[in-house]
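[1] generate coordinates for the sequence data below:
(chains A and B)
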Amino acid sequence: MTYMARRIAFYIVTAWAAVTINFFIPRLMPGNPVQIIMSRLSAVGPVTPSMQRALEIQFGVNTNTSLLNQYFQYWGQLVHGNLGTSITDYPASVASVIAQALPWTIGLVGASVIISFVVGTIIGTLSAWRRGSFLDGALPVSAFLQALPYFWVALLAIEVFGVTLGWFPDSGGYAQGMTTALTPAFIGSASYHALLPAATIVVTSMAGWMVGQRNLMITTLDQDYVLVAQAKGVSQRRVMWMYAARNAILPQFASFAVALGLVVSGSLLVELVFSYPGIGDVLLNAVSNDDYSTMQGVFLVITLAVLAANFLADLVYVVLDPRARQEA
Amino acid sequence: MTVNTALSAVETDPIVRRPAGGRRFWSLFTRSKWVTAGLAIFAVYVLFAIIGPIIKPYDPSALSYTAILQPPSAHHLLGTTQTGQDVLSQLLVGFGPTLEIGFLAGVIATAMSIIIGVGAGYFAGSAGEGLSLLSNIFLVIPQLPLLVVISSLDAHAGSWVYAIALAVLGWAWGARVLRAQTIALAGQDFVLAAKASGESAWRIILFEILPNELPVVATSFVFTVVGAIGSYVALCFLGLVNINSWNWGTMLFYAQSNQAMSDGAWWWYVPPGIAVALILLGLVMLNFGLDEFINPRLRAAGITRKELKTASKQQGITPVIRNRPRAPSGVSSAITVGDEVTSTARRHK
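    Predicted structure coming up:
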């Protein structure tokens, strides 16, 4: 199998595993979520027979059907994009609630991850190249930054830059009263609101990329091809970026998967603290309303989004690594 | 330690005949600044976890209507909350549960990653491939949303339920690194010799392979603890874990839901955040030290430019510095096989 085919097969298996986990978790846990949901739903509005049916399938309350049948029914629902009904935004469907929030999260987290990866990798490369310089101080600093909980940094950022200094808005994704439309004014407002949460994510996640790149660079610098390049008079800058950094960065992409899941988890909390209109906010509202369908939907969509991002990272990897390209 | 003695030590130390991972590993605790600092912080936390509940000045849940949202004073060293509860007492009581969860999850996850990772590396064929696939799947699935689903379904779960859940979601990274290490070690002469002399697979894994992977096991343990503490605090902050038990996440949960930020009640939400950050910092530093042990080239970072120059002249562009015998060439290749090893630092939260 070629490199890309292997990766695609892996993503399909992982997506299947995520769906299956989602199917089994409510069935393995004690308690009966359906009863809670039904009472919640009937409190906010009428429960239609089709909604009840969807719930039964989702949480396996209908014991007349075998587990295998329930599993197939569950897949049938998913294929039709039916993730259940939202309690928080009754009677909207979970799928539509998530679809509304997803662009915000993808924009915020996507931009922050790319910025922190690029900046972290550059600082890491430089600090490995110029050991003994002031950049060595970056290591203790990064240890400290890595240790800070995302959501706590977000709380501090709000307090300092939002409340005390008043430089940035302390919550929301755009100015109040504005209608969501792709006008310059709205995009400007949205970017302004995104600055503080994005900075929080970048500050707390950059250190990991930096330390990773630094450590990989130090190992790569010892390779013979670096020595040969220096011996034949290639400029120092070219040796650093095109010989050492280019090779050191490959495992960085390989570990993108691990990092991304963690950054996304952290970003959810950041969104939540900033009341940013993304998935994190949806998740928090779901939690406070015992909205299990939404929570499950959020987990599923986030997992699929992380898989898609990993796939993109794989594509970049193929471009960067001739060995993978040859196989692909 | 000066570079001169370090370099002469490199030259004069006898070459070890077999990779004595275990023995060198323990000497690390006294040598690396990172490790010493990390362990010191950890020790202080353990101390507070033990004496915290004894020395706490007030009952952390006791309400007081005469001392509402007071800044730090002689009566309340860290001030009070919206309901007049003593922040210091809540903070002191929080040490125990946080360390307990982290440690428990770390132990369970490390056991899982040893079994699955070493198994996947040692046993070739479909069994090994299957275990490897399993760990790769768990590696990609984002933890927090799944934890939210699990904990919301069982609101009254005891702390051990969370420890198990955090471990089940946290073992995969360690397993992947251990697999890479095991594959490298399984081809070493001393393992082949043990096989040839008819040792059983269990004996080889337990007495030949595992002792040489101790540093890697240690890093993955520390990082699972970091991840578990981070996730547990986050879950508590979300109000998903029993909000009647005091820990730093619950403190932040109450602080946020009672607008401590807009009231400027920094004494309420800053101390628990610093408490979390410091223990995680200690553990991250511990792992920096372990990383430097696994990949000795990283150790050159702490020295000055002048020392580096002297060392580079003798050893090339990335000198191996400090008092440590050179590992046999085969072993150093085994150590660098897991590129993941060097990029451990980012994994947590």
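
[2] for the residue nearest to B:W248 when sequence neighbours are not counted, what are its contacts?
    In space, and not counting its chain neighbours, B:W248 is closest to B:P272: 3.8 Å by CB to CB, 6 or more residues apart in numbering or on different chains. C-beta: built from backbone N, CA, C; applies to glycine. By CB atoms under 8 Å, 6 or more residues apart in numbering or on different chains, the residues touching B:P272 are B:90-91, B:94, B:248-249, B:251-252, B:255.

[3] apply 7 Å and report the result again.
    Shown in contact with B:P272 (CB atoms under 7 Å, 6 or more residues apart in numbering or on different chains): B:91, B:94, B:248, B:251-252.

[4] how about A:V94?
    A:83-86, A:293-294, A:297.

[5] of all those, which two lie farthest apart?
    Greatest spacing in the contacts of A:V94, by CB to CB: A:T85 and A:G297 (10.5 Å).

[6] quick revisit: need the contacts of B:P272 in a markdown table (columns: neighbour count and distance to A:F253).
    Below are the contacts of B:P272 laid out as a markdown table (neighbours: other CB atoms under 10 Å in any protein chain shown; distance: CB to CB, whole Å):
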| residue | neighbour count | distance to A:F253 |
| --- | --- | --- |
| B:L91 | 23 | 41 |
| B:G94 | 27 | 38 |
| B:W248 | 29 | 35 |
| B:M251 | 29 | 39 |
| B:L252 | 27 | 34 |
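
[7] longest helix anywhere in chain B?
    Criterion DSSP state H: the longest helix present in chain B is helix B:266-294.

[8] count the residues that sit near the residue in the stretch 51-200 of chain B that chain A sits nearest to.
    Using CB to the nearest CB, the closest approach of the stretch 51-200 of chain B to chain A is made by B:L144 at 3.4 Å. For B:L144, the count of nearby residues is 26 (other CB atoms under 10 Å in any protein chain shown).

[9] so the residue of chain B most remote from its centre, which of the three states?
    Distance from the C-alpha centroid of chain B peaks at B:T66, with 42.4 Å (CA atoms, centre = their mean). With DSSP: H, G, I helix; E, B strand; the rest coil as the basis, B:T66 sits in coil.

[10] what of B:T36?
    helix.

[11] that one: what's it in contact with?
    Taking CB under 7 Å, 6+ apart, one finds nothing in contact with B:T36.

[12] and if you look at A:V109?
    For A:V109, the contacting residues are A:264, A:267, by CB under 7 Å, 6+ apart.

[13] how about the secondary structure of it?
    helix.

[14] from A:V316, how far off is it?
    A:V109 sits 17 Å away from A:V316, going by CB to CB, to the nearest Å.

[15] swap in A:R27?
    Distance of A:R27 to A:V316, computed by CB to CB: 39 Å.

[16] for the nearest residue to B:L91 once chain neighbours are set aside, grab the count of nearby residues.
    Ranked by CB to CB, 6+ apart and with sequence neighbours excluded, the top spatial neighbour of B:L91 is B:P271, at 5.3 Å. B:P271 sits with 22 neighbouring residues when counted by other CB under 10 Å.

[17] please apply the same query to A:V141.
    Applying other CB under 10 Å, we find 11 residues neighbouring A:V141.

[18] can you check B:G117 too?
    B:G117, neighbours per other CB under 10 Å, totals 30.

[19] now do the same contact list for it.
    B:135, B:174-176, B:178-179, B:182.

[20] swap the cut-off to 8 Å and go again
    Listed by CB under 8 Å, 6+ apart, the contact partners of B:G117 are B:131, B:135, B:174-179, B:182.

[21] now compare the residues you listed and name the two farthest from each other.
    Largest pairwise distance in the contacts of B:G117, by CB to CB, is 13.7 Å, between B:L131 and B:V177.

[22] the more surrounded of the two?
    When B:L131 and B:V177 are compared for neighbours, B:V177 comes out ahead with 29 against 20, by other CB under 10 Å.

[23] still on that earlier bit, quick check: buried residues in the longest helix of chain B?
    Buried residues in helix B:266-294, counted by 16 or more other CB atoms under 10 Å in any protein chain shown: B:266-273, B:275-277, B:279-294.

[24] same deal with stretch B:99-112?
    B:99-106, B:108-110, B:112.

[25] export the residues you listed to a markdown table and tack on pLDDT and secondary structure?
    Below are those laid out as a markdown table (pLDDT from 0 to 100; DSSP: H, G, I helix; E, B strand; the rest coil):
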| residue | pLDDT | secondary structure |
| --- | --- | --- |
| B:L99 | 90 | helix |
| B:E100 | 89 | helix |
| B:I101 | 89 | helix |
| B:G102 | 91 | helix |
| B:F103 | 92 | helix |
| B:L104 | 93 | helix |
| B:A105 | 93 | helix |
| B:G106 | 93 | helix |
| B:I108 | 94 | helix |
| B:A109 | 93 | helix |
| B:T110 | 94 | helix |
| B:M112 | 93 | helix |
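
[26] now, which of those sits nearest B:I209?
    B:T110 (15.6 Å).

[27] what residues does the closest one make contact with?
    By CB under 8 Å, 6+ apart, the neighbours of B:T110 are B:171, B:174, B:217, B:220-221, B:224.

[28] need phi/psi at A:D222.
    Reported as degrees, to the nearest 10, the phi and psi values for A:D222 are phi -90, psi 0.

[29] surely it touches B:P296?
    No: in this structure, A:D222 is not within contact of B:P296 by CB atoms under 8 Å, at 10.9 Å.

[30] where do the contact lists of these two overlap?
    With CB under 8 Å, 6+ apart applied, the contact sets of A:D222 and B:P296 do not overlap.
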